[in-house]
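Q: sequence and predicted structure below; questions after.
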Amino acid sequence: MSSDNPITPALIVFSDLDGTLLDHDTYDWSAAIPALERMKTLGVPLVLASSKTAFELYELRATMGFADAPAIVENGAGLLPADGKPREDAKVYNALLSALADVPSALRKHFRGFSEWTTSQVARETGLSQAEAVLAAKRQFSEPGHWIGSEDQLSDFLAALAERGVVARRGGRFLTLSFGATKADRVAEITRSYDLKPVTMALGDAPNDVEMIAAADFGVIVANPHGAPLPAMAGEATGQITRTTDAGPVGWNKSVLARMEQIYGVKR
């Protein structure tokens, strides 16, 4: 980047995790290993962009071998620096919970979030192991949860949150509350930090990925049979945005390999 790493890569890949790079049911990403290994060989950074916490992404980023790239955490509400460790700072999260508690109880009671769940409940709701659930519960910027009320009540709930500066975004599993900032905002921030603008590619499968997909030079909607398909996006008519036929990491792998072949001229 401009201060620490003056070498600008030709391509940067921004990727959602659950249902995209990680299998929706098993969280396995082995099907994407061919593309990930090719990225390492070519020096293509992988910027993980997820609803997961900095503590979760810190471990996963290192396991995948991309600790030298920043990571977008909690749906864009926070950023984990390249080679950086997450800090134990819940100031923003506590302020968010205070704003949520200020919502009229008739509406508030229909939202069940991580702050109300035990570690075992977080594990059960997410499908994570107990150890992984501990990291998922270490929120700093956002509160995921389930809405159990009606759609009309949800509209009132969202309006009450907006009055308190809180926004809500739907992901593959949860409705997530935060004080704003999106994955797309972080994509722009990270891209600006390079001296020369690299080609950006963004992959996702859920509504909270739409802005990131649209903001990239090349966006990919990854098939996820566990949810309703994302509505048609404007970029699909021009080829800026494509859709995979294969779900999760299988579709992810094919799309990333194809884009690298186009940019670097290497065979898959």
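A: Arrived safely, thanks for sending.
Q: quick one: the helices in the stretch 151-268 of the chain?
A: Listed in chain order, the helices of the stretch 151-268 of the chain (DSSP state H, counting those that start in this stretch) span 151-162, 183-192, 210-215, 248-264.
Q: tell me which other helices or strands the last one touches.
A: When contacts are defined as 3 or more CB pairs under 8 Å, 6 or more residues apart in numbering; DSSP states H and E, helix 248-264 packs onto strand 11-15, helix 33-42, strand 199-204, strand 218-223, strand 241-247. Heads up, the C-betas are built off the backbone N, CA and C, glycines and all.
Q: reformat the helices of the stretch 151-268 of the chain as CSV; add distance to Leu177.
A: Listed next are the helices of the stretch 151-268 of the chain as CSV, based on distance: least, CB to CB, whole Å:
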stretch, distance to Leu177
helix 151-162, 7
helix 183-192, 16
helix 210-215, 17
helix 248-264, 26
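Q: for Pro104, which of the ones you listed is the nearest?
A: helix 151-162 (6.4 Å; CB to CB).
Q: any buried residues in that closest one, and which?
A: Under the neighbour-count criterion of 16 or more other CB atoms under 10 Å, helix 151-162 has 153-154, 156-158, 160-161 buried.
Q: list the contacts of Val44.
A: By CB atoms under 8 Å, 6 or more residues apart in numbering, the contact set of Val44 is 9-13, 38, 260.
Q: SS state for it?
A: coil (DSSP: H, G, I helix; E, B strand; the rest coil).
Q: so it versus Leu158, what's the distance?
A: 38 Å (CB to CB, to the nearest Å).
Q: which stretch among the helices and strands packed on helix 248-264 comes nearest Leu22?
A: Nearest of these (CB to CB): strand 11-15, 9.5 Å.
Q: report the mean confidence score over that closest one.
A: The predicted model gives strand 11-15 an average pLDDT of 98.
Q: going forward, begin numbering at 29 instead of 1
A: Got it, first residue is 29 now, which makes that one strand 39-43.
Q: quick one: strands adjacent to that strand?
A: strand 74-76 (parallel), strand 227-232 (parallel) (DSSP bridges).
Q: which is the next helix or strand following the first one?
A: Translated: strand 74-76. As assigned by DSSP states H and E, the chain's next helix or strand after strand 74-76 is helix 82-92.
Q: buried ones in that next one?
A: Neighbour count says helix 82-92 has 82-86, 88-89, 92 buried, by 16+ other CB under 10 Å.
Q: quick one: those as TSV, columns for distance to Pro226 and pLDDT too.
A: TSV is the format used below for the buried residues of helix 82-92 (distance: CB to CB, whole Å; pLDDT from 0 to 100):
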residue	distance to Pro226	pLDDT
Ala82	24	97
Phe83	28	96
Glu84	26	95
Leu85	21	96
Tyr86	24	96
Leu88	23	94
Arg89	19	97
Met92	20	97
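Q: which one of those is nearest Ser148?
A: Using CB to CB, these come closest to Ser148 at Glu84, 17.2 Å.
Q: tell me how far Lys137 lies from Ile176.
A: For Lys137, the distance to Ile176 - CB to CB - is 9 Å.
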